[in-house]
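Enquirer: sharing a model that was predicted from the sequence below.
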Amino acid sequence: MSLLLEVSGLRAGYGGTPALFGVDLAVPEGGVLALLGRNGMGKTTTVRAIMGLIPPDAGAVRLGGVELAGVPPHRIARAGLGLVPEGRQIFPTLTVEENLVATSAPPRPGLPAWGLERVYGLFPRLAERRRHYGNRLSGGEQQMLAIGRALMTNPRLVILDEATEGLAPLVRADIWTAVRTLRAEGLSLLVIDKHVDILATLADRIVVLEKGRTVFAGTPADLAAQPDVRARYLAV
């Protein structure tokens, strides 16, 4: 399986204070990478550095072999990275449909096209609520909308930061079903979430961060074979 996203030696921080100290990870083409770690270990900072929302101090970020480190966020998005940010960050005064259309981009050659009807097929609840404003949606509906908005950019890879955080169990199940559907369709995914056991059934590879460093990289089977890694870096 060839690699689509390759991150190596990534260093970044805030206001001169380092937060990442050489993060390494890779997402296979058409595969799923789970990025794990306790709160405050650098997962969201890694995502922000990959997306250009904070400037990397060192390291490489390559999508399909093209270097993106230091590239402005809008160009990174155009290159094919779709972000579902922590906290969803939908447009509260736009309707569901306006949120989706606002980020739409043309299909990419060789990839299935994402448009309104396909997003509504993935999340029928959004079709029912298409004329409702973003601030009138439940948390689960907002997360569905954030995922749909990322898909409307017709990305090569989607990053889901805290995919099911704060959602009720039934809604979490709907989100995981959608993630499995996207995986089955061959979309590359980088997923951050606290539900390690579920991610272990979805991911091809797992990376664990501790204090801004990669401390484990391997398959779900590798992680299961090293219970000390899970106890040391993931147990609450």
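Expert: All right, it came through fine.
Enquirer: next up, the contacts around the residue nearest the centre of the chain.
Expert: Note on the chain: the residue nearest the mean C-alpha position is residue 159, at 1.7 Å, using C-alpha atoms, centre = their mean. For residue 159, the contact set (C-beta atoms under 8 Å, 6 or more residues apart in numbering) comprises 47, 50, 51, 81, 82, 83, 84, 189, 190, 191, 192. (C-beta placed from N, C-alpha, C; glycine too.)
Enquirer: surely the first one meets residue 81?
Expert: By that I understand residue 47. No. With contact defined as C-beta atoms under 8 Å, residue 47 and residue 81 do not form a contacting pair (9.8 Å).
Enquirer: helix, strand, or coil at residue 45?
Expert: helix (DSSP: H, G, I helix; E, B strand; the rest coil).
Enquirer: list the strands paired with the strand or helix carrying the residue nearest to the centre of the chain, with their directions.
Expert: Secondary structure from DSSP states H and E places residue 159 in strand 157-160. With DSSP bridges as the test, strand 157-160 is paired with strand 81-84 (parallel), strand 188-192 (parallel).
Enquirer: for these, which one sits closest to residue 208?
Expert: Taking C-beta to C-beta, strand 188-192 is the member of the strands paired with strand 157-160 nearest to residue 208, at 11.4 Å.
Enquirer: all the helices of the protein, residue numbers only.
Expert: Taking DSSP state H to define them, one finds helices in the chain at 43-50, 73-79, 96-102, 116-122, 124-128, 139-151, 169-184, 196-202, 220-224, 227-233.
Enquirer: out of these, nearest to residue 4?
Expert: Nearest to residue 4, of all the helices of the chain, is helix 73-79, at 11.2 Å by C-beta to C-beta.
Enquirer: what are the buried residues along that closest one?
Expert: For helix 73-79, burial by neighbour count (16 or more other C-beta atoms under 10 Å) applies to 76, 77.
Enquirer: numbering from 16 from now on, please.
Expert: With the count now opening at 16, the last piece we talked about shows up as helix 88-94.
Enquirer: could you list the low-pLDDT ranges of the chain?
Expert: 16 (pLDDT under 70).
Enquirer: just how off-centre is the strand holding residue 174 within its chain?
Expert: Chain-centre distance of strand 172-175: 3 Å, with C-alpha atoms, centre = their mean, to the nearest Å.
Enquirer: neighbour count winner among residue 62 and residue 96?
Expert: Per other C-beta atoms under 10 Å, whichever of residue 62 and residue 96 has more neighbours is residue 96, with 26 against 23.
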